[in-house]
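In: sequence unavailable; structure follows:
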């Protein structure tokens, strides 16, 4: 049954039929939009859907919340491995966010939250905890620039092998490169060591992050980004 309007003592479904609160309470399953939150199934075994708004499970807030639960505390290891989301291994969830209502209250304090993404890496570098004290809501482009280091094989982010070196036509085996904001992949030079190539990339990355800082309008995010960039 899909409820469209709530009354003090019941609901009216989409066909205009009245259902009193209490009807069906003996059933072990009442559905995601049912009137009794204590009878709803837990999300991934821990999430409590206590928001009494019809069709709320189709909102961005619901999807963000359930996605966080899914990728924390090893609740869905198959999904993490199949989708190559190994950066979420070891991530945990603050128990306050077990309740959807608590998460909803937190996320709605952010301007334009429906067009932003949750970030756990800016406020506390290396953070593995999702919670109200450790996360921010940021623009998608900001989130992409602060993701954990995604190394390729035995090389750090921004560093690759120099193909001309492999053919014996260059003395430097490593190449640094970066894709600037709104631009195309750009070479940063060739280097004799991994450390030199990585340093060139990190320098260029800080310059790109500075551009994001200058265009950030949320003071909480801006301050966190500034602290991150000077570490």
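Out: Yep, it's here. Model, not experiment: these values are computed from the prediction.
In: CA only for contacts and neighbour counts going forward, please
Out: Noted.
In: which SS class is the spatially most central residue of the chain?
Out: Closest to where the C-alpha atoms of the chain average out (Cα atoms, centre = their mean) is residue 118, at 4.2 Å. With DSSP: H, G, I helix; E, B strand; the rest coil as the basis, residue 118 sits in strand.
In: contacting residues around it?
Out: Counting by Cα atoms under 8 Å, 6 or more residues apart in numbering, residue 118 touches 64, 135, 136, 137, 138, 143.
In: need the phi and psi values for the residue found closest to residue 88 once you drop the neighbours it is linked to in the chain.
Out: Spatially, and ignoring its direct neighbours in sequence, residue 88 is nearest to residue 71 (6.3 Å; Cα to Cα, 6 or more residues apart in numbering). In terms of degrees, to the nearest 10, the main-chain angles of residue 71 are phi -100, psi 10.
In: can you give me the neighbour number for residue 71?
Out: For residue 71, the count of nearby residues is 23 (other Cα atoms under 10 Å).
In: from residue 228, how far out is it?
Out: For residue 71, the distance to residue 228 (Cα to Cα, to the nearest Å) stands at 24 Å.
In: likewise residue 220?
Out: 12 Å.
In: and if you look at residue 215?
Out: Residue 215 is 16 Å from residue 228, by Cα to Cα.
In: so between those two, which is more surrounded?
Out: residue 228 (17 against 9).
In: output the lowest mean pLDDT helix or strand found in this structure.
Out: Least confident helix or strand, the chain: strand 3-7 with a mean of 46, by mean pLDDT, DSSP states H and E.
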